[in-house]
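1. Please find the sequence and the predicted model below.
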Amino acid sequence: MAALSGKIIQNAFLAQHRPQARHSTRYPSDFCALDTRSVHSFQERRLRLAGTSAKWLNTISTAWISSSKQAYISCNAAQGSSVVSSSAKVDFLKLQNGSDIRGVAVGGVEGEPVNLTEPVTEAIASAFAAWLLNKKKADGWRRLRISVGHDSRISAHKLQDAVTLGITTAGHDVLQFGLASTPAMFNSTLTEDEINHLPVDGAIMITASHLPYNRNGLKFFTSAGGLNKADIKDILERASRIYEDSSHGSTQELEQASKGEVSNVDYMSIYASDLVKAVRKSAGNKEKPLEGLHIVVDAGNGAGGFFVVIPLLPYLHYLFLSNAPFLVLELMLFLDQDKVLKPLGAITTGSQFLEPDGMFPNHIPNPEDKTAMKAITQAVADNKADLGIIFDTDVDRSAAVDSSGRELNRNRLIALMSAIVLEEVFVRLVLCSICLSVAHLFYDKGGKHHRFKRGYKNVIDEAIRLNTIGEESHLAMETSGHGALKENHWLDDGAYLMVKLLNKLAAARILNPNVGSKVLTDLVEGLEEASVTVEIRLKIDQNHADLKGGSFRDYGEAVLKHLENSISKDEHLCKAPKNYEGVRVSGYGGWFLLRLSLHDPVLPLNIEAPSKDDAIKLGLAVLTAVSEFPALDITALNKFLQQ
Ligand SMILES: O=P(O)(O)OC[C@H]1O[C@H](O)[C@H](O)[C@@H](O)[C@@H]1O
């Protein structure tokens, strides 16, 4: 455990001591982003939340919601960001991405204007506090505690400051965790720890997962889990109202500021020590159950470096640049402590891309990405390691590679997790989003595959629903590497998934200390894998005349309807009896699914088939139908068919 673990290292009124608060965060991304932070953003902003009381925010946001049910909300953007002009419009609802908020936080990319400015972010954070206050059904007002963490993005600090300001000026307290993982943020709503004033009432994670460097976003949690789509819409509507009212001048209550406090808490140490305890427990409380195992980790320059030791060398020059060298030294000593694998006895040399770097210079931090998987596979081979582990930027997704270089991601990871879960629970129902041979593989062991629609929140909510109607479910997963277990509060946690693999290894090594990752690979022996598995993403040109002014969603639905009609005339094809989303069709020994993306103007097409010929037949069936829609870019499909 880190020497500073569990210690609150600073209490400050952010508004009064902002520079101090800014320099006291404890993670290396603070170093990485020194050049890119918007130091003047708060002085420049026009949004006048600084004197707003919680009661006032709550009143205006709620009153407005009940009196106005507009579907489209827009208002003037403030000038907090250098990129958005005062006349630019902000459509708050456009920032909604399913159950998350996502936007552009850094300018400079053509065609992608900044819409997640600091004032907008500040208003959203205030709106979350107001929403939370309502949820808590407090009598009028009570001070809330909200944790705030971020991944390694270059806009992390300015948005952290904006979120903090939004909450504190609403009169609530902020616990800043600095660089953190998304699951750790949720976990902070459950952790019992009086010293650190945990659990918090709510948590905010600043992340845009694996998206490019210029994007960022917000995820919100309460002890009941991640917020759903309706909650996010509610918060955005409140935020729009707060934003609008704030920029129009003050009310009497604006003068009666009631500011919350800001504390910096080393929560990642608390969270990591829980992971360590879980592995030790499954190995009969052995102190170093992974002793002798060589595990390499690829954090993709995201927030997953805590799993292994963070190298100090890249930060040494900050000792000389800093005007607070002792603080930097203290930080370095703190960082020089492996939080998960080393305490468990594993060797971690050869781990890579552990330094947080929001430009993601090495590869996209995404376990679905081919280059990313190639990088960790290479690291396993170069280091002759027993196991490789890879995380996405905010560690809610993960994948592994065994000692022979076999990728344990996508379907294989679902199969592996299903196998592990089926060994542990008696009433079995495995749920995942993509239909595959996992069902066949585990049917004998009591596993039942429940196919559902894409989206991590969708599969988790479906698993929870199944439990409430008496169909016991223990695992919710999708091929993206998102996975949640009932035993872990349905928390969508890439690190916990990897801990489950480590548990399995640790338990096996009690019986045979020489056992390696073959123990894991053996669990998916017999998994029938299609020889062709492909995802082709067909873009809809939103400006195309064929949309006739309609939305890309309507257009996409029309494409799907046409496809459905067209395949009903083909005797080789059979539409799935239950379509949770899009059009799913089996034929030629395989299947395809064409659906609307959850958030982009895109129709993703998944094909699985026993041979390239069969995949082409399935692809041609789709092409015949979709080529009648000129706004749909079918280049990628044509390319696949001509290969
Ligand atoms: O619909 P798509 O564009 O393929 O995106 C689908 C993905 O969207 C987000 O990234 C969600 O976090 C994932 O859970 C989901 O799988």
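-> Nice, thanks for sending it over.
2. Okay, helices next: where are they in the stretch 501-643 of the chain?
-> 518-523, 552-567, 612-626, 635-642 (DSSP state H, counting those that start in this stretch).
3. near the ligand, which residues of this structure?
-> Counting by CB under 6 Å from any ligand atom, the chain comes close to the ligand at Arg454, Gly455, Tyr456, Glu478, Ser480, His482, Ser597, Leu598, His599, Asp600, Pro604. (Each C-beta comes from the backbone N, C-alpha and C, glycine too.)
4. which one of these is nearest Ile390?
-> Of all the residues of the chain next to the ligand, Ser480 has the smallest distance to Ile390: 12.9 Å, by CB to CB.
5. helix, strand or coil for that closest one?
-> coil (DSSP: H, G, I helix; E, B strand; the rest coil).
6. I'd guessed it sits against Lys457; true?
-> No - Ser480 is beyond contact range of Lys457, at 12.0 Å (criterion: CB atoms under 8 Å).
7. who has more neighbours, the two?
-> Neighbour tally, Ser480 and Lys457, criterion other CB atoms under 10 Å: the higher count belongs to Ser480, 23 against 20.
8. Pull the contacting residues for the more buried one.
-> Neighbour list for Ser480: Pro367, Glu368, Arg397, Tyr456 [criterion: CB atoms under 8 Å, 6 or more residues apart in numbering].
9. Redo those as TSV? Include pLDDT.
-> TSV is the format used below for those (pLDDT from 0 to 100):
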residue	pLDDT
Pro367	95
Glu368	91
Arg397	97
Tyr456	90
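10. Could you tell me which of those are located in strands?
-> Members of the contacts of Ser480 lying in strands (criterion: DSSP state E): none.
11. in the stretch 401-550 of the chain, which spans are strands?
-> Ranges of strands in the stretch 401-550 of the chain, per DSSP state E, counting those that start in this stretch, are 407-408, 430-432, 449-451, 475-477, 483-485, 491-492, 532-540.
12. hang on, the earlier thing: quick check on the residues of the chain next to the ligand: which are buried?
-> Taking 16 or more other CB atoms under 10 Å as the criterion, what is buried in those is Arg454, Gly455, Tyr456, Glu478, Ser480, His482, Ser597, Leu598, Pro604.
13. before we move on, back to that, and which of the residues of the chain next to the ligand is nearest to Lys374?
-> Taking the residues of the chain next to the ligand together and measuring to Lys374 by CB to CB, the closest member is Ser480, at 17.8 Å.
14. so Ile154 touches Tyr213, yeah?
-> Yes - between Ile154 and Tyr213 there is a contact at 6.0 Å, judged by CB under 8 Å.
15. Now for these two: what residues contact both?
-> Joint contacts of Ile154 and Tyr213 (CB under 8 Å, 6+ apart) are Val106, Gly358, Met359.
16. burial of the second one, as a residue count?
-> Counted by other CB under 10 Å, the residues lying close to Gly358 total 24.
17. which residue packs closest to it, ignoring adjacent ones?
-> Once flanking residues are discounted, Gly358 sits nearest to Ile154: 3.8 Å by CB to CB, 6 or more residues apart in numbering.
18. which residues does the closest residue to Leu502 other than its chain neighbours contact?
-> Nearest residue to Leu502, sequence neighbours excluded (CB to CB, 6+ apart): Val279, at 5.1 Å. Each residue near Val279 by CB under 8 Å, 6+ apart is listed here: Pro289, Leu290, Leu344, Val499, Leu502, Asn503, Ala506.
19. Which helix or strand lies directly C-terminal to the helix or strand where Val279 lies?
-> Taking DSSP states H and E as the definition, Val279 sits inside helix 267-282. Of the helices and strands lying after helix 267-282 in sequence (DSSP H and E), the nearest is strand 295-298.
20. Can you tell me which of the contacts of Val279 is closest to Lys136?
-> When those are compared against Lys136 (criterion: CB to CB), the nearest one is Val499, at 31.4 Å.
21. Pretty sure the closest one sits against Lys277.
-> No - when contacts are counted by CB under 8 Å, Val499 is not listed as touching Lys277 (10.0 Å).
22. and the two? which has more neighbours close in?
-> Legend: neighbour count by other CB under 10 Å for Val499 and Lys277, higher for Val499 (23 against 11).
23. residues touching that one, list them.
-> By CB under 8 Å, 6+ apart, Val499 lies in contact with Leu275, Ala278, Val279.
24. Can you give me the separation between the first one and Gly589?
-> Yep, that's Leu275 we're talking about. Remark: distance between Leu275 and Gly589 (CB to CB, to the nearest Å) = 42 Å.
25. Equivalent analysis for the second one, please.
-> Plainly put, Ala278 is 41 Å away from Gly589 if you go by CB to CB.
26. which one among the contacts of Ser480 gets closest to Asp161?
-> For the contacts of Ser480, the nearest to Asp161 is Arg397 (27.2 Å; CB to CB).
27. Apart from its chain neighbours, what residue comes closest to that closest one?
-> Gly481 (3.5 Å).
28. re the thing from before, export the contacts of Val499 as JSON lines, with columns for pLDDT.
-> JSON lines is the format used below for the contacts of Val499 (pLDDT from 0 to 100):
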{"residue": "Leu275", "pLDDT": "93"}
{"residue": "Ala278", "pLDDT": "89"}
{"residue": "Val279", "pLDDT": "90"}
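29. Please report how far Gln642 lies from Ile616.
-> 9 Å.
30. Between the two, which has more neighbouring residues?
-> Using other CB under 10 Å as the criterion, Gln642 and Ile616 rank with Ile616 on top: 19 against 7.
31. So for that one, what's the pLDDT?
-> Ile616 is assigned a predicted lDDT (pLDDT) of 98.
32. wait, isn't it in contact with Leu637?
-> No - the pair Ile616 and Leu637 does not pass the contact test of CB under 8 Å, sitting 10.7 Å apart.
33. Quick one: neighbours of Asn362, just the number.
-> 17.
34. which phi and psi does the nearest residue to it once chain neighbours are set aside have?
-> Nearest residue to Asn362 in three dimensions, chain neighbours excluded: Phe353, at 4.8 Å (CB to CB, 6+ apart). The phi and psi torsions at Phe353 (degrees, to the nearest 10) take the values phi 50, psi 40.
35. So Phe353 sits against Met359, correct?
-> No - between Phe353 and Met359 there is no contact under CB under 8 Å: 11.8 Å.
36. anything in contact with each of these two?
-> Joint contacts of Phe353 and Met359 (CB under 8 Å, 6+ apart) are Asn301.
37. So for the two, which residue has more residues nearby?
-> Applying other CB under 10 Å to Phe353 and Met359 shows that Phe353 carries more neighbours, namely 25 against 13.
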